[in-house]
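Novice: quick one, what's the 3D model for this:
(one chain, ligands or ions: 1)
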Amino acid sequence: MIMKFTDDLSEMIVHAQGNELAQLFAHDTTDSGERTYTQPDSKTMHVITFKNPVLVTDNYKINLLTPEHSKETRDQHVFVPNINGISMDPPHSVLRDVVHKLFESPKKTTIYGNTQLEFEQGKFNSVWGPSIDTLLFCNAIRTENIKGNLDHVKRAIEIGPGSGFISKYLLNNLPNLEEMTLIDLNEESTNCARESIDDPRTIFEVGDGLKYLEKRKFDLIVCNPPYIPRMDSSDDNPYEGIRVLEYLIRNTTTHTTPGGIILTNVSSLCEDYAREAIQQTKAYQKITAEYIKSLDVPLKVFNVAFNKKWTEYLKDKHHLIDRYKNGHSFWQTINIAKIQNCE
Ligand SMILES: C[S@@+](CC[C@H](N)C(=O)[O-])C[C@H]1O[C@@H](n2cnc3c(N)ncnc32)[C@H](O)[C@@H]1O
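Specialist: Residues are numbered from 1 along each chain as shown. Take a look at the predicted model:
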């Protein structure tokens, strides 16, 4: 399955690929009429386009592909081309089911601009595939790059690269990049990224990115850090706690070169902490901080969303929005922040 995002993230265009065509979309005979269970990966077919995606897998939007939803509602969220020459208007439960099945495919290729990465679910343990945050980072990098704001970047690091998509995008797009370091706590993540990135400018490391920064400076630090505050936070899983974010803000000039930049995700859930850290840091370091991209997205970390005590805490103290909209109950805003060393 291929998920291609448009430059402005207004559309996610989904294609079925190779064997999926033979197994789900009735392309089960060869040109000479014999039965086949396989098709080459070069064979692809447009299945659905999601408009204004807020998740990479949005079950609500898939479930709109049934007759009980008004055409107006559907047209707002999805576009379905004629598949195998059959128009899906009015829509059909078969289409809904086949799209759900397609999303179960273990191999997914994500494409944004000139960058593509194949991610196989389960091949590398506990590694996060590209998410909507990942794409928003690339969208932000694209905008900064067009303005020439990243022309000075020669040495960059990504802390917590997961699948490696953002680093790959940087390698493919920054005009003067000479060295790209990827460091993740999870060894499997480094293995996963190594498989997708074949570039002599790349350095792969395993370990705590904050320790690695000690005595080092970069022109660009990119980090999509954990961002969900919790009472008595333990910082021992990839989505919880804000230790990494706070450290990066408070040490901007220690770990970036003059003019250097940190690009990080400041969710509305941890915005208060980030604002305070920025204010305090400005008292003794010359830095600027601004949001360069923002997107309202559902909170889809189930271990959090299913934990009543935790969601109540986030609602009371950290701006979690509990209002059913477009098929989702809990909402946050993700902001890509640019923090610049002006010394
Ligand atoms: C939400 S994932 C982001 C993956 C990727 N950057 C993306 O946006 O698609 C966070 C990643 O950060 C890693 N991580 C968390 N804290 C870290 C730390 N202190 N040092 C290095 N990696 C860390 C996790 O192992 C995980 O792979």
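
Novice: check Tyr169 and give its pLDDT.
Specialist: Tyr169 carries a pLDDT value of 98.

Novice: what residues are up against it?
Specialist: Tyr169 makes contact with Tyr112, Gly113, Thr115, Cys138, Ile141, according to CB atoms under 8 Å, 6 or more residues apart in numbering. No exception for glycine: its C-beta is placed from N, CA and C like everyone else's.

Novice: give me the contact list for the host helix or strand of Thr181.
Specialist: Following DSSP states H and E, one finds Thr181 within strand 179-184. With CB under 8 Å, 6+ apart as the test, strand 179-184 has contacts from 154-162, 164, 167, 170-171, 190, 193, 197, 199, 201-207, 209, 212, 218.

Novice: near the ligand, which residues of this structure are found?
Specialist: When proximity is defined as CB under 6 Å from any ligand atom, the chain approaches the ligand at 128, 130-131, 133-134, 159-163, 165-166, 183-186, 189, 208-210, 224, 226, 238, 244.

Novice: how about the residue nearest to Met45 when sequence neighbours are not counted, secondary structure?
Specialist: Nearest residue to Met45, sequence neighbours excluded (CB to CB, 6 or more residues apart in numbering): Ala16, at 5.1 Å. Following DSSP: H, G, I helix; E, B strand; the rest coil, we place Ala16 in the strand state.

Novice: again, but for Ile261
Specialist: With three-state DSSP as the basis, Ile261 sits in strand.

Novice: give me the distance between it and Leu248.
Specialist: 11 Å (CB to CB, to the nearest Å).

Novice: that older thread, so what pLDDT did the residue nearest to Met45 get?
Specialist: So, for Ala16, pLDDT stands at 96.

Novice: again, but for Glu68
Specialist: 86.

Novice: that older thread, overlap in contacts, Ile261 and Leu248.
Specialist: The contact sets of Ile261 and Leu248 overlap at Ile221, Ile339 (CB under 8 Å, 6+ apart).

Novice: hmm, back to that, with pLDDT added, can I get the contacts of Tyr169 in a markdown table?
Specialist: Formatted as a markdown table, these follow (pLDDT from 0 to 100):
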| residue | pLDDT |
| --- | --- |
| Tyr112 | 98 |
| Gly113 | 98 |
| Thr115 | 98 |
| Cys138 | 98 |
| Ile141 | 98 |
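
Novice: can you tell me which of these lies nearest to the ligand?
Specialist: Cys138 (9.2 Å; CB to the nearest ligand atom).
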